[in-house]
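> Prediction below, plus the sequence it came from.
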Amino acid sequence: MGFDSPLSLYSIPAVWLTAFAPIVLRTVAVKKVKGWNNVAPRNNTARVSGDKNIPPDVIARIQRMEAAHTNGNENFPLWAAAVLAANFAGLDNRRVNTLSIAYFLGRCLYNVIYISQTTPAMANLRSVVFFGILPIPIYLLIAAAAKAASL
């Protein structure tokens with residue numbers, strides 16, 4: 001299977017993993033500092049946040065892990081739709097594959113920055129990365145629509 005094949009379809013589960021990874025990291029961190037409550041798993045971050053015995057920087061990092069997960073979940077449907085539309089419309093595989101790699105790497109970088117940021121400058125860099133890759137799925141959707149309309 002060469003780069004002219006629709007390899008971009010593999011980016012759908014790969015990008016999903018970029019949304020899932022921060023919640024795994026959050027779970028490990030919560031288990032370490034507070035213990036995991038599997039009866040109410042969505043309340044674990046709040047339990048950590050309300051514990052005065054946990055250092056504020058640890059709490060903030062756990063909150064950012066959860067926020068990175070939420071952001072990934074919010075952006076995943078747009079990505080999946082864009083890749084499916086691009087492939088359905090028959091856009092050039094090489095271009096779609098290249099854009100898929102760029103988007104995946106951008107989501108990875110976004111997570112690293114989001115989870116580790118502690119300054120306004122790093123938060124701004126996170127936003128630059130976010131808005132830098134956001135046009136990729138938009139482009140794919142518009143290009144797919146244009147190609148489909150011309151068929």
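Great, that's in hand.
> gap between the residue nearest the centre of the chain and Ile115?
In the chain, the residue lying closest to the centroid (CA atoms, centre = their mean) is Gly72, at 3.3 Å. Using CB to CB, to the nearest Å, Gly72 is found at 11 Å from Ile115. Every residue, glycine included, has its C-beta placed from N, CA and C.
> okay, and the common contacts of the two?
Common neighbours of Gly72 and Ile115, counting by CB atoms under 8 Å, 6 or more residues apart in numbering, are Pro22.
> okay, now the closest residue to Asp57 other than its chain neighbours: neighbour count?
Excluding the flanking residues, the one nearest Asp57 by CB to CB, 6 or more residues apart in numbering is Thr118, at 7.5 Å. Neighbour count of Thr118, defined by other CB atoms under 10 Å: 11.
> follow-up on the earlier one: what's near enough to touch the residue nearest to the centre of the chain?
With CB under 8 Å, 6+ apart, Gly72 has these contacts: Val15, Thr18, Ala19, Phe20, Pro22, Arg107, Asn111.
> State the helix or strand in which it lies.
helix 56-89 (DSSP states H and E).
> List the contacts of Phe130.
Asn71, Tyr110.
> Can you check what angle separates the strand or helix carrying it from helix 56-89?
Assigned by DSSP H and E, Phe130 belongs to helix 120-133. Per axes from the mean of the first three to the mean of the last three CA atoms, to 10 degrees, the angle that helix 120-133 makes with helix 56-89 is 10 degrees.
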